[in-house]
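Peer 1: After the sequence you'll find the predicted model.
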Amino acid sequence: MRTGKGSGEGSAELLIEGVAKRFGEVAALDHVSLSVAQGELLTILGPSGSGKTTLLKVVAGFETPDAGRVLVGGADITALLPARRDIGMVFQNYALFPHLSVKANVAFPLEMRNIARAEIDRRVGEALAMVELAGYEARLPKQLSGGQQQRVALARAIVFNPRLLLLDEPFGALDRKLRETMQLEVRRLQRRLGLTTIFITHDQEEALVLSDRIAVMNKGTIQQIATTTEIYERPANDFVADFVGESNILHGTVSAPGLVALPDGRKLMVDSEAAPGAKVGLLMRPERFSGGGLNEFSGEIVEAVYLGTSFKLRIACEGGPELLVRQPARGTLPAAGTKITVGIDPEAIHVF
C-alpha cells in the first residue's frame, strides 16, 4: 500500500465524455462530461434526483451508459465489469459482511485478487492502522459503532491500491459531530495516499470542507464545475447560487455601467462590466451585509434567530425584497418588528 504523502502511485486521471443515461422518459444523465485530475478530490453535489449517484454507478460499472464513455488513466473502461476496474467504493450503508471479522472484511478484495497470505496480513494491518482501527481485527461489524464500521469500509476500499476511490454519501447515517470528524479523516487519508477521488453528497457544507473542486448537478446536467471558493463566491446561475449556501438572489437590468435597476425601481451599485440593457442576476450572501454600505436597505425584522456566533435576521424591506442577513451575535437578539437598516458594498454583490 502507498504510504508516501500525496504519492498518487497507481492513482489515475478520470475522464467522463458525453455520458447519457435514461430510465424510461427520465434523462438521469444528459451527456455529462468532466475530468478529475490524478490525486484530486472532486465532489459531485446536488439534490436527490439530480443524477449524481447514477453518474457514480456508471463510473463504477453498475450502470451501462446509453452514450458516451469513461476513461481511467487513458484506458476506456466503459465496457469493463466492475470487478475488473480497480475502483474502491464506500457506501452510506457500509456494505460490510456481518459474519466476517474486521480483518476478514478488509482482506476480502485482496483474497479475490489471489494475493499471498503474508502480503494480505501486511496490507490489512497497514490499512487498519491508517483508519485508526489497529487492535479491532477480531471484532464483528455488529460490535462496532457506526463511525468504526465506516472506517472498516474505508480501509477495505483502499487496501488493494485502487486507481480510483468512489464515496457515495458515506456519512449520511452518522450524527453531525462524527460526520465532521470523518470528513477530516477522509480528506487527510486521501491527501496522504494521493488518491483520485469522487465524493457524492447533497450536503453543501460537506462539499466545501472536503473538495479540491465541486461539480454541481441538477436534472442530469452539470451546472458548474469550479473550486470551492468560486462555487460559493461566483456561482454561475440561480440554481448554484441558491443551492450552495444561504443566499439573497435578485434580478434586474443593467441601466448604466456598474448600476443595476431592480423591478421595484431601486438601483444598486455593483462591481461589474455587464453592458447596459443586460438582464442579470445578483447574489448577496447574508454575511456580506453590515450596518452600512453604498447600497442601503431599510425595513423591519420579521424573524430573528440566535445561532451562537451570529444572529440570522429576516428583513422585510420597505417597498422592496425580503432579505436574509447574518450579523455577529453581540448584545441582545433583536425583536421582531424592530426597524433596521443594513448595507452592502458593490464588490460584495456577485453579478451573473
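Peer 2: Now that the structure is in, tell me what you want to look at.
Peer 1: and residue 350, how many residues sit next to it?
Peer 2: Around residue 350 sit 21 other residues, with neighbours defined as other Cβ atoms under 10 Å. Placement of C-beta: from N, CA and C, glycine included.
Peer 1: Model confidence score at it, please.
Peer 2: You'll see residue 350 listed with a pLDDT of 98.
Peer 1: Quick one: residues contacting it.
Peer 2: Going by Cβ atoms under 8 Å, 6 or more residues apart in numbering, residue 350 touches 233-235, 241, 282-284.
Peer 1: Buried residues, stretch 292-305. List them.
Peer 2: Counting neighbours by 16 or more other Cβ atoms under 10 Å, one finds that the buried residues in stretch 292-305 are 293, 295, 297, 299, 301, 304.
Peer 1: can you name the two of those residues that are farthest apart?
Peer 2: 295 and 304 (22.1 Å; Cβ to Cβ).
Peer 1: and the next element down the chain from the lowest-mean-pLDDT helix or strand in the chain?
Peer 2: Ranked by mean pLDDT, DSSP states H and E, the helix or strand of the chain with the weakest confidence is helix 176-193, at a mean of 91. Later in the chain than helix 176-193, the nearest helix or strand by DSSP states H and E is strand 197-201.
Peer 1: any idea where the strands of the stretch 1-150 of the chain begin and end?
Peer 2: For the stretch 1-150 of the chain, strands defined by DSSP state E, counting those that start in this stretch occupy the ranges 14-23, 26-36, 41-45, 67-72, 75-76, 87-91.
Peer 1: Please identify the deepest-packed of those.
Peer 2: For those, the largest average neighbour count (mean count of other Cβ atoms under 10 Å) is found in strand 41-45, namely a mean of 25.
Peer 1: Do me a favour and average the pLDDT over that one.
Peer 2: Averaged across strand 41-45, pLDDT comes to 98.
Peer 1: what are the C-alpha coordinates of it, in PDB please?
Peer 2: Extracted as PDB, the C-alpha positions of strand 41-45 are listed here (Å, rounded to 0.1, in the frame of the first residue of the first chain):
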ATOM      1  CA  LEU A  41     -10.900  15.000  -4.800                       C
ATOM      2  CA  LEU A  42     -13.900  16.100  -6.800                       C
ATOM      3  CA  THR A  43     -17.300  16.300  -5.000                       C
ATOM      4  CA  ILE A  44     -20.400  15.900  -7.100                       C
ATOM      5  CA  LEU A  45     -23.100  17.900  -5.200                       C
END
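Peer 1: Can you list the strands that it pairs with?
Peer 2: The partner list of strand 41-45 in its sheet, established with DSSP bridges, is strand 197-201 (parallel), strand 213-218 (parallel).
Peer 1: pLDDT weak spots in the stretch 201-350 of the chain?
Peer 2: Across the stretch 201-350 of the chain, nothing is flagged by pLDDT under 70.
Peer 1: in it, which spans are helices?
Peer 2: Taking DSSP state H, counting those that start in this stretch as the criterion, the stretch 201-350 of the chain carries its helices at 204-210, 228-233, 238-243.
Peer 1: list the buried ones in stretch 77-88?
Peer 2: Of the residues in stretch 77-88, 77-78, 85-88 count as buried by neighbour count, 16+ other Cβ under 10 Å.
Peer 1: now the residues you listed as CSV including pLDDT and distance to residue 246?
Peer 2: As requested, the buried residues of stretch 77-88 are exported to CSV (pLDDT from 0 to 100; distance: Cβ to Cβ, whole Å):
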residue, pLDDT, distance to residue 246
77, 97, 40
78, 97, 40
85, 95, 39
86, 94, 41
87, 96, 36
88, 95, 35
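Peer 1: Can you tell me who residue 339 pairs with across the strands?
Peer 2: In beta-bridge terms (that is, DSSP bridges), residue 339 pairs with residue 300.
Peer 1: What is the neighbour count of it?
Peer 2: 11.
Peer 1: That one reaches residue 298, doesn't it?
Peer 2: Yes - using Cβ atoms under 8 Å, residue 339 is in contact with residue 298, at 7.3 Å.
Peer 1: thinking again about what came up before, quick one: the helices of the stretch 201-350 of the chain as CSV, columns for distance to residue 314 and mean neighbour count too.
Peer 2: Formatted as CSV, the helices of the stretch 201-350 of the chain follow (distance: least, Cβ to Cβ, whole Å; neighbours: other Cβ atoms under 10 Å):
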stretch, distance to residue 314, mean neighbour count
helix 204-210, 20, 19
helix 228-233, 21, 17
helix 238-243, 16, 19
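Peer 1: Pick out the residue closest to the middle of this structure.
Peer 2: residue 207 (2.6 Å; Cα atoms, centre = their mean).
Peer 1: distance of residue 179 from residue 299?
Peer 2: Distance, residue 179 to residue 299, using Cβ to Cβ, to the nearest Å: 37 Å.
Peer 1: Next, the angle from the least confident helix or strand of the chain to strand 41-45.
Peer 2: Angular relation of helix 176-193 and strand 41-45 on a 0 to 180 degree scale: 140 degrees, by axes from the mean of the first three to the mean of the last three Cα atoms, to 10 degrees.
Peer 1: Just put the strands of the stretch 1-150 of the chain in TSV and tack on distance to residue 253.
Peer 2: Formatted as TSV, these follow (distance: least, Cβ to Cβ, whole Å):
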stretch	distance to residue 253
strand 14-23	36
strand 26-36	31
strand 41-45	31
strand 67-72	39
strand 75-76	48
strand 87-91	48
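Peer 1: so which of those gets nearest residue 217?
Peer 2: Per Cβ to Cβ, nearest to residue 217 of the strands of the stretch 1-150 of the chain: strand 41-45, 5.9 Å.
Peer 1: Give me the angle between that closest one and strand 26-36.
Peer 2: 160 degrees.
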